[in-house]
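[1] Can you look at this prediction? I've put the sequence above it.
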Amino acid sequence: MKSLFIICVFFILYTYLGYPLILSILSFFIRQDETPSKNNPNKYPLVSLIISAYNEETVIAEKIKNSLELNYPKDKLEIIVASESIDSTNEITQKYAKDGVKLYAFTTRIGKAGTLYRTIPLAKGSIIIFSDANGMYDKNAVKKIVEKFYDKKIGCVSGQLRYTNPGNTTIGESEGLYWQYEQIIKHCESKILSLLGVNGSIFAIRKELYSPITIDRGDDFELAVRVALNGHGVILEKEAISYEKASVKTKDEFKRKVRIISWCAKSAFILLQEAFHAKKWLIAFEIISHKILRWFIPFFLCGIFIASISCEGLIYSITILLQAAFYMAAFTGYILEKNNKPIPFFFNIPYYFCVVYLAALAGIYKLIFNKQKSAWEKVR
């Protein structure tokens with residue numbers, strides 16, 4: 001049991017502290033130049049902005065207006081709404097046809113990956129930018145992304161997601177802290193041209209590098225990793241920003257995370273196998289460290305708890321007390337939220353992480369027992 005305790009503690013510390021430290025060291029020694037060339041003969045290539053939409057009648061007009069106001073030549077920006085909506089999203093989108101906005105409406109609902117598969121061949125741009133309907137772009141976002149593609153070795157560019165949290169919501173506050181931590185890791189991965197997790201709300205690839213995937217996999221995660229497996233750089237552009245409102249309800253965020261983890265976990269194991277086969281050791285290392293181990297944190301925590309109650313000694317007693325206090329704080333956060341009470345920071349963080357850990361368990365369960373849903377659901 002002592003060995004179990006040591007192994008579980010090691011993997012938790014490695015996942016959240018060791019991996020970022022190793023990345024920092026790697027990025028120092030094999031850092032690549034991310035400065036875009038200023039001598040690109042085609043300064044403004046034709047770009048297709050694909051907005052994925054499912055029942056987005058409350059935000060689609062704002063998103064289209066935001067897209068039309070982007071600081072990029074109008075004749076070089078193709079705006080496409082790829083929709084499986086059954087509300088008034090399509091009707092609202094059609095009102096902007098006079099502004100050049102294209103609507104591709106699909107009656108069969110097969111999910112985001114399937115919608116992209118049907119839409120991308122119709123796109124005219126050499127660069128495809130993927131966006132969500134609720135992600136509002138900074139005016140210079142597209143321009144900043146395109147500049148990175150001046151470097152021919154770059155195949156995929158991710159922008160940066162920032163959560164707006166007008167109601168100072170419980171889940172939104174903690175999600176914002178989580179993204180700050182994620183940005184540190186993404187920045188280091190970008191320095192070695194091997195960014196593992198792009199932001200689905202704002203990322204772009206060269207059209208010729210697009211690889212169709214099945215509808216039950218994580219489209220943004222897998223598309224970017226496949227670009228890296230093909231030998232092209234995947235980087236982050238910090239000045240290309242998409243703003244989204246954080247989920248107001250924890251149960252909505254939980255459902256979203258379960259869905260994403262079940263999709264991405266399937267992609268991760270497929271990509272890991274391909275990375276080993278292609279001898280892409282760095283990518284395999286990132287998939288294991290950044291994704292797979294993080295999803296298995298709940299199992300490591302259970303291992304620590306079991307080992308602690310089975311062993312004698314001060315360290316094990318302290319560990320039991322710390323875990324008990326953490327879970328009690330999380331439960332208190334749950335009770336406060338359920339009763340619409342404000343949640344103090346020291347209850348909020350444990351509550352959020354327990355939501356994430358439970359979502360990971362549920363996502364892995366859905367993957368193992370093939371209970372995934374291919375179609376995406378709107379969460380606000």
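    Sure, I can see it.
[2] Return the set of buried residues in stretch 284-301.
    For stretch 284-301, burial by neighbour count (16 or more other C-beta atoms under 10 Å) applies to 284-291, 293-298, 300-301. Placement of C-beta: from N, CA and C, glycine included.
[3] Residue 233: which of these is nearest?
    Distance to residue 233, by C-beta to C-beta, is smallest for residue 286 among the buried residues of stretch 284-301, at 13.6 Å.
[4] before we move on, which element is that closest one in?
    helix 281-286 (DSSP states H and E).
[5] ok, now residue 335?
    Per DSSP H and E, the secondary structure element for residue 335 is helix 314-338.
[6] quick one: average pLDDT of that helix?
    The average pLDDT for helix 314-338 rounds to 94.
[7] Tell me which helix or strand comes right after it.
    helix 345-368.
[8] what's the distance between that next one and the middle of its chain?
    Here helix 345-368 is found 16 Å from its chain centre; the criterion is C-alpha atoms, centre = their mean, to the nearest Å.
[9] Stretch 11-27 now?
    19 Å.
[10] Span of it from start to end?
    Stretch 11-27 has an end-to-end distance of 22 Å (criterion: C-alpha to C-alpha, to the nearest Å).
[11] Now that stretch: buried residues?
    Of the residues in stretch 11-27, those buried (16+ other C-beta under 10 Å) are 11-12, 15, 19-20, 23, 26-27.
[12] Then stretch 178-198?
    Buried residues in stretch 178-198 (16+ other C-beta under 10 Å): 179, 185-198.
[13] could you dump that stretch to PDB, C-alpha only?
    Listed next in PDB are the C-alpha coordinates belonging to stretch 178-198 (Å, rounded to 0.1, in the frame of the first residue of the first chain):
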ATOM      1  CA  TYR A 178      -8.100  27.000 -14.600                       C
ATOM      2  CA  TRP A 179      -7.600  28.700 -18.000                       C
ATOM      3  CA  GLN A 180      -4.800  30.900 -16.500                       C
ATOM      4  CA  TYR A 181      -3.000  27.800 -15.500                       C
ATOM      5  CA  GLU A 182      -3.700  26.200 -18.900                       C
ATOM      6  CA  GLN A 183      -2.300  29.200 -20.700                       C
ATOM      7  CA  ILE A 184       1.100  28.700 -19.000                       C
ATOM      8  CA  ILE A 185       1.300  25.200 -20.400                       C
ATOM      9  CA  LYS A 186       0.000  26.200 -23.800                       C
ATOM     10  CA  HIS A 187       2.600  29.000 -24.100                       C
ATOM     11  CA  CYS A 188       5.400  26.500 -23.400                       C
ATOM     12  CA  GLU A 189       4.100  24.000 -25.900                       C
ATOM     13  CA  SER A 190       3.800  26.700 -28.500                       C
ATOM     14  CA  LYS A 191       7.400  27.600 -28.100                       C
ATOM     15  CA  ILE A 192       8.400  24.100 -29.300                       C
ATOM     16  CA  LEU A 193       5.800  24.300 -32.100                       C
ATOM     17  CA  SER A 194       3.800  21.500 -30.600                       C
ATOM     18  CA  LEU A 195       0.700  23.000 -29.000                       C
ATOM     19  CA  LEU A 196      -1.400  20.100 -27.900                       C
ATOM     20  CA  GLY A 197      -4.700  21.700 -27.000                       C
ATOM     21  CA  VAL A 198      -6.100  24.400 -29.300                       C
END
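[14] any idea how far it is from the chain center?
    Going by C-alpha atoms, centre = their mean, where stretch 178-198 is centred and where its chain is centred differ by 11 Å.
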